[in-house]
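Student: Structure for this input, please:
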Amino acid sequence: MLVNLFAGIAISSVILTIVMSLRSGYKPARFFAIAWASLLTTISIFVAENLTVIDGNVYTHFCQVVGASLEAVLFTDIRDITALSEKVGTEATFVFLN
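Tutor: Modelled structure (predicted):
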């Protein structure tokens, strides 16, 4: 029971943070909102399957993995990855891949 209370407080604070960031015009807040929405949606599907609210199949069982992966991709700063790949150079990338 206490775990559900803490989870509810955590989710509420995340949603409040998203709303406040979006209303202030902070551009990266869109990615933050999409990332959390994907994770919370897929976890909700997974929980609904575990509570037998919806029928389970391979998609509903592993949807949380997809949501977590999408969240990780959206939280990754693409500029850092691009700068790192430019610093390493194409020759090192070629050697790494082969």
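Student: Enumerate the helices of this protein by residue range, in sequence order.
Tutor: Assigned by DSSP state H, the chain shows helices spanning 2-23, 29-50, 58-75, 78-88, 90-97.
Student: helices or strands up against the second one?
Tutor: Read it as helix 29-50. helix 2-23, helix 58-75 (3 or more CB pairs under 8 Å, 6 or more residues apart in numbering; DSSP states H and E). C-beta: built from backbone N, CA, C; applies to glycine.
Student: closest one to residue 47 among these?
Tutor: helix 58-75 (8.9 Å; CB to CB).
Student: Give the other helices and strands that the closest one contacts.
Tutor: So helix 58-75, by 3+ CB pairs under 8 Å, 6+ apart, packs with helix 29-50.
Student: just how off-centre is the helix it packs on within its chain?
Tutor: Between the centre of helix 29-50 and the centre of its chain there are 7 Å (CA atoms, centre = their mean, to the nearest Å).
Student: Can you pull the poorly scored residue ranges out of this protein?
Tutor: 1, 3-4, 77-82, 84-86, 88-98 (pLDDT under 70).
Student: which residue is nearest the middle of it?
Tutor: The chain has residue 71 as the residue nearest its centroid, 1.6 Å off, counting by CA atoms, centre = their mean.
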